[in-house]
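A.B. asks: give me a model of this one.
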Amino acid sequence: MRIGELAERAGTSTRTLRYYESRGLLPARRDGNGYRTYDEEDLRLLRQIRTLQDFGFDLEETRPFVECLRAGHPSGDSCPASLAVYRRKLTELDGLIGRLGEVRDQVASQLAEAEAEAEAGAESPGPRCEMTG
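C.D. replies: Now for the predicted structure:
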């Protein structure tokens with residue numbers, strides 16, 4: 001198939017496919033007329049890349065999965081290098097979740113303080129914050 005058909009079937013643009021080719025993630029095969037040609041295996045590679053990117057993996061993190069598929073494995077995540085990327089990504093996500101928990105606790109604390117101050121302010125006259133339209 002040509003680049004336009006592959007792009008359509010993969011749900012992406014021809015520009016993206018050329019970029020993947022320039023990064024070595026998609027093979028650069030040409031027919032006698034110089035047109036790029038692709039097959040079902042290339043579509044499979046693209047689906048792997050897109051799935052991982054949907055999960056938050058950057059393009060370079062998809063490389064071990066693509067190489068695993070190219071090596072003939074039934075899935076891109078069955079090679080040691082792919083498993084290592086999964087482990088690194090989980091560690092990264094755990095760190096982000098931890099940091100989000102800390103930020104959430106800080107926001108909750110600020111809210112509690114602000115509500116307590118607002119409640120105390122309602123009992124004593126003082127400057128009031130009002131929104132104007």
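A.B. asks: pLDDT score for the most centrally placed residue in the chain?
C.D. replies: Per Cα atoms, centre = their mean, the C-alpha nearest to the average position across the chain is that of Gly56, at 1.9 Å. Gly56 is assigned a pLDDT of 93 by the prediction.
A.B. asks: now Glu40
C.D. replies: If you check Glu40, the pLDDT there is 94.
A.B. asks: quick one, what contacts the residue nearest to Phe57 when sequence neighbours are not counted?
C.D. replies: Once flanking residues are discounted, Phe57 sits nearest to Lys89: 6.4 Å by Cβ to Cβ, 6 or more residues apart in numbering. Where C-beta positions appear, they are placed from N, C-alpha and C, glycine not excepted. Neighbouring residues of Lys89 by Cβ atoms under 8 Å, 6 or more residues apart in numbering: Phe55, Gly56, Phe57, Glu61.
A.B. asks: please spell out the PyMOL selection for the buried subset of the residues you listed.
C.D. replies: Here is the PyMOL command that picks out the buried ones among the contacts of Lys89, judged by 16 or more other Cβ atoms under 10 Å:
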select buried, resi 57+61
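A.B. asks: what's the closest of the contacts of Lys89 to Ala120?
C.D. replies: Distance ranking of these against Ala120, using Cβ to Cβ, places Gly56 first at 43.6 Å.
A.B. asks: checking that closest one next. Helix, strand or coil?
C.D. replies: Here Gly56 is coil, with the state taken from DSSP: H, G, I helix; E, B strand; the rest coil.
A.B. asks: the closest residue to Arg29 other than its chain neighbours and Leu83, how far apart?
C.D. replies: In space, and not counting its chain neighbours, Arg29 is closest to Thr37: 5.1 Å by Cβ to Cβ, 6+ apart. Per Cβ to Cβ, to the nearest Å, Thr37 is found 32 Å from Leu83.
A.B. asks: so for these two, which sits in the more crowded spot?
C.D. replies: Thr37 (16 against 13; other Cβ atoms under 10 Å).
A.B. asks: quick one, what contacts the more buried one?
C.D. replies: Contacts of Thr37 by Cβ under 8 Å, 6+ apart are Met1, Arg2, Arg29, Arg30, Asp31.
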